[in-house]
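Peer 1: Structure, please.
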Amino acid sequence: MPVSRHPACQTVQVFPRAVRAGYLLLGFVFVGLGVVGAFLPLLPTTVFLIGATWAFSMSSKRLETWLLEHPRFGPSLVAWRAERVIPRRVKLTAWISMAASLSIMFVGGAPVWAIGCAAGLMLIGAIYIARCPSQPDPMR
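Peer 2: Numbers count the residues shown, from 1 in each chain. Here you go, the predicted model:
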């Protein structure tokens, strides 16, 4: 697979071989979790592919380019990298998943402190997601 000069590609830093191998392994783990997430409704795909793109940017220009140019996932990854865009559909899925998780914890009889901690962390995530744009800026 030839390496392209994709505008969203970052320069791979020079790390010791063991560190690069660790980033490469992490990238493959994230891709694997992203693939599983494509088939399981409550496991996210895009978040793991964003992580994989980052890990590959530290270890393999070729694999980073492969993800950024992927016909299905590439546009979302490029939009995230360029402007931190989270599509509206993804936002809704995240918020519904958070609400469902809290509901399951509540119905399942989780301790109040655990529900409170989870709700607090989810609130931070929900606010962050809400603040990200839903589509790229047309003026860019």
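Peer 1: Show me where this structure dips below the pLDDT cut-off.
Peer 2: Within the chain, the segments meeting pLDDT under 70 span 1-14, 42, 140.
Peer 1: if you set the cut-off to 50 instead, what comes out?
Peer 2: In the predicted model, the chain carries pLDDT under 50 at residues 1-3.
Peer 1: For it, which residue occupies the most central location?
Peer 2: By Cα atoms, centre = their mean, the chain has its centre lying nearest to V47, at 1.6 Å.
Peer 1: That one sits in which helix or strand?
Peer 2: For V47, the host element (DSSP states H and E) is helix 46-57.
Peer 1: Any buried residues in the helix or strand harbouring G37, and which?
Peer 2: Using DSSP H and E, G37 maps to helix 17-39. Within helix 17-39, the residues scored as buried using 16 or more other Cβ atoms under 10 Å are R20, Y23, L24, L26, G27, F28, F30, V31, L33, G34, G37. Quick note: C-beta positions are derived from backbone N, CA and C, even for glycine.
Peer 1: coming back round to it: angle of the helix holding V47 against helix 17-39?
Peer 2: Counting by axes from the mean of the first three to the mean of the last three Cα atoms, to 10 degrees, helix 46-57 lies at 160 degrees to helix 17-39.
Peer 1: Using CSV, list the CA coordinates for helix 46-57.
Peer 2: The C-alpha trace of helix 46-57 is given here as CSV (Å, rounded to 0.1, in the frame of the first residue of the first chain):
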residue,chain,number,x,y,z
THR,A,46,-15.4,6.1,16.0
VAL,A,47,-13.8,6.7,19.3
PHE,A,48,-11.6,3.7,19.0
LEU,A,49,-10.7,4.6,15.4
ILE,A,50,-9.7,8.1,16.5
GLY,A,51,-7.5,6.4,19.0
ALA,A,52,-6.1,4.1,16.4
THR,A,53,-5.4,7.0,14.0
TRP,A,54,-3.5,8.8,16.8
ALA,A,55,-1.5,5.6,17.7
PHE,A,56,-0.7,5.0,14.1
SER,A,57,0.4,8.7,13.7
